[in-house]
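From the sequence below, what's the structure:
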Amino acid sequence: MERKEKIKELVLKQKINSEKQSVIRRYKERINVDLDSSSFVEMELSNEIKSASYQKIFSLDNKEFDQIEDIIKMINKIERNNRDKLLNSIIFYNLNVFNIIELALGCRVTLDEALQLIKLSIDKICKGDLQADIIVVDENLEYGFCVEVEEYSYLFTSWNL
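Numbering: from 1, shown residues only. Sure, this is the predicted structure:
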């Protein structure tokens, strides 16, 4: 039994490393952003923060938008209204760049970097349309926002930004 668990653990680590390398390559090739393995939050903490983020998001009011342009306007508004937080470290989840959503890890970047990555991702990776959710939160969930992709629209939720 112990050997099987060890093998499962090693296979999972290999999948995670492969996903990290794929994301690093995708960001570099498509939007010329340099990340490395240390940019990613460890899997267990990443999953805890992502889960807590969704719990928070589901408890708040959101805005529904039909067009991606409306999401970009909201992101630009966050950028304009939060100059004091732009250099703060946050956790950024872009589920659009992962091949295996269950292995999507958060990246530690500044709020400013996250906002720029979202705009570049929408344009260069998603070809003008998001396929999966994006979450930006500080590690303590004091502030953040989420763009949830619905079947025919986007839900935008933010708090303290």
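
From now on I want contacts and neighbour counts done on CA atoms only, so please keep to that.
OK.

where does this structure dip in pLDDT?
1, 99-101, 124-129 (pLDDT under 70).

just the strands in the chain please.
63-65, 89-94, 107-110, 134-137, 144-149, 154-159 (DSSP state E).

ok, the closest residue to Phe92 other than its chain neighbours - how many residues close by?
Closest residue in space to Phe92, ignoring its immediate chain neighbours: Val136 at 4.7 Å, by Cα to Cα, 6 or more residues apart in numbering. Neighbourhood size, Val136 [other Cα atoms under 10 Å]: 27.

if we can go back for a sec, among the strands of the chain, which is nearest Met74?
strand 154-159 (8.4 Å; Cα to Cα).

partner residues bridging the closest residue to Phe40 other than its chain neighbours?
Excluding its sequence neighbours, the residue lying closest to Phe40 (Cα to Cα, 6+ apart) is Cys107, at 4.3 Å. Per DSSP bridges, the residues bridged to Cys107 are Phe40, Phe92.

any idea how far Asn62 is from Cys107?
Taking Cα to Cα, to the nearest Å as the measure, Cys107 falls 24 Å from Asn62.

From the neighbour counts alone, determine which of these two ranks first.
Per other Cα under 10 Å, whichever of Cys107 and Asn62 has more neighbours is Cys107, with 23 against 18.

closest to Asp34 out of the strands of the chain?
Closest among those, using Cα to Cα: strand 107-110, at 11.3 Å.

How far off centre is the closest one?
Taking the mean of its C-alpha atoms, strand 107-110 sits 9 Å from the chain's own mean (Cα atoms, centre = their mean, to the nearest Å).

Closest to the centroid, which residue in this structure?
Among the residues of the chain, the one closest to the centroid is Tyr93, at 1.4 Å (Cα atoms, centre = their mean).

so who does the residue nearest to Phe92 touch?
90-93, 111, 114, 144-146 (Cα atoms under 8 Å, 6 or more residues apart in numbering).

Also Ser37?
Contacts of Ser37 (Cα under 8 Å, 6+ apart): 20-21, 24.

Same check on Tyr154?
64-68, 71, 147-148.

residues near the nearest residue to it once chain neighbours are set aside, how many?
Spatial nearest neighbour of Tyr154, chain neighbours left out: Phe65 (5.2 Å); criterion: Cα to Cα, 6+ apart. Phe65 has 17 neighbours, counted by other Cα under 10 Å.

For Phe65, which residues are in contact?
Contacts of Phe65 (Cα under 8 Å, 6+ apart): 71, 153-156.
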